[in-house]
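In: All I have is the shape, not the residue letters:
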């Protein structure tokens with residue numbers, strides 16, 4: 001049984017209890033860093049985001065069934081106050097707890113039902129090659145995204161593409177998409193950039209990111225860029241648990257060379273997974 005399967009089972013069996021990311025990762029037999037990445041790749045949710053959505057979904061069911069005490073429902077869902085519960089409930093469903101209770105219906109609410117791993121498809125994966133990546137200086141544009149809804153990433157690439165070939169001290173022929181600074185709530189920083197030899201003369205709109213020397217497993221993604229989640233899911237849930245390798249707490253890189261077409265999203269690219277040791 002793989003770590004994400006164990007995490008899903010544990011959440012579904014214990015979401016009425018007080019749980020932290022450390023609790024879930026411990027019962028899944030994985031580090032919190034690995035589980036955060038693997039769970040997101042497999043489900044499209046952060047671990048804590050899925051836990052929160054499952055609790056709120058069951059709370060909505062209780063309210064639609066006529067539960068008379070909203071505070072007790074809020075406490076059962078892990079919220080210490082009516083106000084905090086109402087805010088989270090409205091953010092997820094677009095209605096207040098009182099409105100759901102008054103309408104006695106859960107129709108058309110965006111429920112998050114229990115996930116089963118056998119519903120999530122794997123993709124064929126070529127064996128990776130292994131690289132000792134050098135330390136690099138990256139310059140580009142960075143934004144913070146919700147891992148469950150990183151829909152703004154293509155627009156970030158669109159904004160950066162005119163800079164390619166014109167960044168001061170740019171070197172190499174590749175562009176990079178870099179995921180780093182993930183947190184328990186399922187947020188991450190994503191930087192689109194190129195390698196530079198130094199940071200002098202950079203225009204003020206470009207951010208800087210120093211990458212340390214790192215050992216990587218390098219995978220080829222051959223399909224459209226929009227299907228990257230399936231490849232990441234296969235790496236995290238199939239390859240990594242059986243490989244004998246351990247994911248390092250370092251940025252994950254996407255490397256795009258001249259074969260990739262920003263116009264069509266085709267041409268393929270590489271995913272560089274950081275490894276310990």
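Out: Sure, I can see it. Owing to the predicted nature of the structure, the values given are computational and were not obtained by experimental measurement.
In: Pairing partners for the helix or strand hosting residue 218, with directions?
Out: Per DSSP states H and E: residue 218 is located in strand 214-221. Strand 214-221 sits in its sheet next to strand 129-133 (antiparallel), strand 269-275 (antiparallel), going by DSSP bridges.
In: what does it contact?
Out: 125-126, 128-133, 227-228, 231, 235, 239, 243, 245, 248, 250, 253, 268-277 (Cβ atoms under 8 Å, 6 or more residues apart in numbering). The way it works is simple: take the backbone N, C-alpha and C, and place the C-beta from them, glycine included.
In: what's the offset of that strand from the middle of its chain?
Out: Relative to its chain's centre, strand 214-221 lies at 18 Å (Cα atoms, centre = their mean, to the nearest Å).
In: What are the buried residues along it?
Out: In terms of neighbour count (16 or more other Cβ atoms under 10 Å), strand 214-221 has its buried residues at 214-217, 219, 221.
In: just stretch 60-80 next, same as before
Out: Within stretch 60-80, the residues that count as buried by 16+ other Cβ under 10 Å are 60, 62-64, 70, 73-74, 77-79.
In: between the strands paired with strand 214-221, which one is nearest to residue 145?
Out: Smallest distance to residue 145 across these (Cβ to Cβ): 17.3 Å, for strand 269-275.
In: How about residues contacting stretch 231-251?
Out: Counting by Cβ under 8 Å, 6+ apart, 2-4, 31, 33-34, 37-38, 41-42, 117, 120, 122-123, 125, 128, 178-180, 209, 211-212, 214-215, 217, 219, 221, 223, 271, 273-277 sit against stretch 231-251.
In: Identify, out of the strands paired with strand 214-221, the most deeply packed stretch.
Out: Mean neighbour count, computed with mean count of other Cβ atoms under 10 Å, is highest for strand 269-275 among these, reaching a mean of 21.
In: Quick one: mean pLDDT over that strand.
Out: Predicted confidence along strand 269-275 averages 98 (mean pLDDT).
In: Reformat the strands paired with strand 214-221 as a markdown table; add distance to residue 90.
Out: Converted to a markdown table, the strands paired with strand 214-221 look like this (distance: least, Cβ to Cβ, whole Å):
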| stretch | distance to residue 90 |
| --- | --- |
| strand 129-133 | 45 |
| strand 269-275 | 37 |
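In: Which stretches in the protein count as strands?
Out: With strands called from DSSP state E, the chain shows them at 129-133, 136-146, 170-180, 187-196, 207-211, 214-221, 252-256, 269-275.
In: Listing partners with orientation, what would you give for the second one?
Out: What that stands for is strand 136-146. Partners of strand 136-146 in its sheet, by DSSP bridges: strand 187-196 (antiparallel), strand 207-211 (antiparallel).
In: And the third one, by the same measure?
Out: Partners of strand 170-180 in the sheet, by DSSP bridges, are strand 187-196 (antiparallel), strand 252-256 (antiparallel).
In: between the ones you listed, which gets nearest to residue 160?
Out: Per Cβ to Cβ, nearest to residue 160 of those: strand 187-196, 4.4 Å.
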